[in-house]
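Trainee: Just a sequence and a predicted model for now, questions to come.
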Amino acid sequence: MEGYRQKEYGVSTKRFVQTLELSSSEEARREYIKWHSAEYSWKEIRDGIREVGILEMEIYILGNTLVMIVDAPLDFDWDASMARLATLPRQAEWEAFVSQFQGCDANATSDEKWQMMERMFYLYE
């Protein structure tokens, strides 16, 4: 494994990490991966993520467990940005669409689905 090169933004950033469990169905897992690929993901969703100030968003998968990593500028306000993101074009439609693959309530908001993780270790200075 060679790792994943990180972007350089020219500004100081902060990171948010969340987790979500997918449905236990292998078909749901395959479909979820498909709909997040460069070919099938919705442009309006990617544009909205950038519009609210997110510099990078990555999702990693192991089995049915997803981990999302979000990099944003230091002045990024998570709650305000997520509230704004929810109002942007096709966002509600996207949340309803992907809920069929996720192991949570179909009517749950993104903030209810994705659970914020707490950092418990880093290479202390």
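Mentor: That came in fine, so what should we check first? In this text the structure is predicted, and so the values were computed from the model without any measurement.

Trainee: can you give me the helices for this structure?
Mentor: Along the chain, the segments classed as helices by DSSP state H run 26-35, 43-51, 78-85, 91-99, 110-113.

Trainee: Please name whichever of those is nearest to residue 61.
Mentor: helix 26-35 (7.0 Å; Cβ to Cβ). Glycine gets a C-beta too; all of them are placed from N, C-alpha and C.

Trainee: For this protein, which element, helix or strand, carries the lowest mean pLDDT?
Mentor: One helix or strand of the chain scores below all others by mean pLDDT, DSSP states H and E: helix 110-113, with a mean of 87.

Trainee: What are the contacting residues of that helix?
Mentor: For helix 110-113, contacts defined as Cβ atoms under 8 Å, 6 or more residues apart in numbering pick out 20, 82, 85-86, 95, 99, 102, 104-105.

Trainee: For it, what is the distance to the chain centroid?
Mentor: How far helix 110-113 lies from its chain's middle: 10 Å, per Cα atoms, centre = their mean, to the nearest Å.

Trainee: among the helices of the chain, which is nearest residue 8?
Mentor: Nearest to residue 8, of these and by Cβ to Cβ, is helix 43-51 at 16.7 Å.

Trainee: starting at the chain centroid, how far to that closest one?
Mentor: Worked out by Cα atoms, centre = their mean, helix 43-51 lies 12 Å from the chain centre.

Trainee: For the closest residue to residue 9 other than its chain neighbours, the count of nearby residues, please.
Mentor: Distances taken as Cβ to Cβ, 6 or more residues apart in numbering place residue 55 nearest to residue 9, at 5.3 Å, with adjacent residues excluded. A count of nearby residues for residue 55, using other Cβ atoms under 10 Å, gives 15.
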